[in-house]
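Q: one predicted model, sequence on top.
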Amino acid sequence: MKSAELTKAECEKLASVMVTRNPDLATLPLMPALRRLKEQVRQYADGDIPYDRPLGDEETVWEWWTRLAKRHGEKAQPLATFTTEIYSITVKSMAEERTMSLVTWLNDPKRNRKAREIVRKRRPVVKWRDMQKTIMSETRVRSSASQVTASDPDGDSSAALSETDYESEGEGSDLLDASKVDPNDSSGTIEQCTSFACSVGTHINLGCRFFADYLADEVTLAAQLPTTFAPVAEPVASGLSWEEW
């Protein structure tokens, strides 16, 4: 026996799976089923019986093939089973992948009015990480605010916090005022402020006329050029060898 061939136990296992998944096709041998499928496709293309029944006004393609399989049984196999499986595929979008709502899968006209039994159970594949983070952050802010209100019903702590914030802002703003900087300060504050100007000077030409005009308090007018130009006669070099050109 070749290694590529299936053992008897494996064949029986595949047959049992076939009976469970596709009971209508389980009784059909492989080669006769392929020959019958080719014949049925040709009959459907020619409009022969039983494929000559027109599609109803309120009938979907899936319903048409399902009713055909019920009426004719084994005579409609295997084409009826294949087409029913094909038209059972539903169109999906990312929004539905996130919500997994059966209502949108069944009621939307693009779903071809699928029956509930053909829609399999689904699981969300995308988690709302950003939404969860936003909701949790708002919950934490509200809980912290409620804790502050419960601990201080008079509201004195909020006033103290606001005064502390103003004081901290004032301390930071003093660093920008040159009159409030101590020249004898050895903490490195002055070096940090002046080092910024030096680093800018290494990358930007501070003597550029454009920056000077941009930072100037008064608007400078651009130099006016003469509107008329006189032709300038240029001397022609003598002794040129035109033959070499």
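A: That came through, no problem. The model shown is predicted, which means the values in this text are computed figures rather than measured ones.
Q: for stretch 33-50, buried residues please.
A: Residues of stretch 33-50 classed as buried: 36, 40 (neighbour count, 16 or more other CB atoms under 10 Å). In this view, the C-beta of every residue, glycine as well, is placed from N, C-alpha and C.
Q: any idea which helix or strand in this protein has the lowest mean pLDDT?
A: The weakest-scoring helix or strand in the chain, judged by mean pLDDT, DSSP states H and E, is helix 156-174 (a mean of 45).
Q: counting neighbours, what do you get for Thr60?
A: Neighbour count for Thr60, taken as other CB atoms under 10 Å: 16.
Q: kindly report the same for Ala80.
A: Residues near Ala80, counting by other CB under 10 Å, number 24.
Q: Ala76 too?
A: Ala76, neighbours per other CB under 10 Å, totals 20.
Q: Asp24 versus that one, what's the distance?
A: Ala76 sits 9 Å away from Asp24, going by CB to CB, to the nearest Å.
Q: could you do Glu10 as well?
A: Glu10 is 23 Å from Asp24, where distance means CB to CB.
Q: hmm, back to that, mutual contacts of Ala76 and Asp24, please.
A: Counting by CB atoms under 8 Å, 6 or more residues apart in numbering, the contacts common to Ala76 and Asp24 are Ala69.
Q: returning to what we had before: so Glu10 and Asp24 - more neighbours on which side?
A: Relative neighbour count places Asp24 above the other of Glu10 and Asp24, with 15 against 10, counting by other CB under 10 Å.
Q: quick check: closest non-adjacent residue to Ala80.
A: Once flanking residues are discounted, Ala80 sits nearest to Ala69: 3.8 Å by CB to CB, 6 or more residues apart in numbering.
Q: now do the same for the one you found: its pLDDT.
A: Listed pLDDT for Ala69 reads 85.
Q: correct me, but it touches Phe82?
A: No - judged on CB atoms under 8 Å, Ala69 makes no contact with Phe82 at a distance of 10.4 Å.
Q: can you give me the distance of Glu39 to Asn205?
A: Distance from Glu39 to Asn205, by CB to CB: 85 Å.
Q: domain parsing of the protein, as residue ranges.
A: By the assignment in automatic domain parsing, the chain contains the domains 8-89, 91-148.
Q: which of these comes out lowest on mean pLDDT?
A: For the domains of the chain, mean pLDDT drops lowest on domain 91-148, to a mean of 58.
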